[in-house]
Every structure is written in structure tokens, then in C-alpha cells.
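Enquirer: got a predicted model here, sequence first, then my questions.
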Amino acid sequence: MIGKIIGAVVGDRVAKQTRGVGGPAGAALGVVAATAIRRLSLPAMVVLGAGGYFAKKHFDKRNAENEATTPPATSTAPHKAKSAKSAKVA
């Protein structure tokens, strides 16, 4: 019982930092995660942890590459038109 309460609190806090997940949904995910972790074997936990680590590194690297190629929002440089149709003004 205490594990489910702790999982719900942690899930709620994670949900506040995550876009697209509300407080009650985060609490429910925390309870489900605590139950799933209890039932997993040690090798499965290691594989899930390693997979999460490498997925985060991959997404962080991809976001860094996108930020490096995108001009800042405060830039005064003109935007390049993607095609001739988008350059026309109606």
C-alpha cells in the first residue's frame, strides 16, 4: 500500500514536469510503474534502464542538432522560403 502511495506521488511530480500528462494520469502511471517494477526480474529491469538511458541520449542529441540548425526566435535574419508556392503572398 505504501509503495502505491509513493508511486502515485512520484508519478504526480513527474507529470507536472512532462508535457501532455496531467496530475491524475501521472499518479496512475506511478502506481502502474511501481506494480510493474515489483513484478519484473532483475535482468529485465537492467534492460529497461539501459534502453531508457540510450533513448534519452538519442533524443537529446537529436534535439541539440535541431536547435543548432534552427535560427533563434529573436533573429532578424529573413526566413528562407521552402518552396515557390509558400513564397507567394495572397
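Expert: Thanks, I have the structure now. Numbers count the residues shown, from 1 in each chain.

Enquirer: average pLDDT across the helix ranked longest in the chain?
Expert: Longest helix of the chain, by residue count under DSSP state H: helix 42-69. Regarding helix 42-69, the rounded mean pLDDT is 86.

Enquirer: which strands or helices does it pack on?
Expert: Packed against helix 42-69 by the contact rule (3 or more CB pairs under 8 Å, 6 or more residues apart in numbering; DSSP states H and E) you find no helix or strand. Every C-beta, even on glycine, is put in place using the N, C-alpha and C of the backbone.

Enquirer: buried residues, the host helix or strand of K4. List them.
Expert: Using DSSP states H and E, K4 sits in helix 2-17. By 16 or more other CB atoms under 10 Å, the buried positions in helix 2-17 come out as G7, A8, V10, G11, D12, A15.

Enquirer: would you turn these into JSON lines with distance to A44?
Expert: Below are those laid out as JSON lines (distance: CB to CB, whole Å):
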{"residue": "G7", "distance to A44": "18"}
{"residue": "A8", "distance to A44": "23"}
{"residue": "V10", "distance to A44": "20"}
{"residue": "G11", "distance to A44": "20"}
{"residue": "D12", "distance to A44": "25"}
{"residue": "A15", "distance to A44": "24"}
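
Enquirer: a markdown table for those, including pLDDT and distance to K56?
Expert: As requested, the buried residues of helix 2-17 are exported to a markdown table (pLDDT from 0 to 100; distance: CB to CB, whole Å):
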| residue | pLDDT | distance to K56 |
| --- | --- | --- |
| G7 | 72 | 21 |
| A8 | 73 | 24 |
| V10 | 73 | 18 |
| G11 | 72 | 18 |
| D12 | 73 | 21 |
| A15 | 71 | 18 |
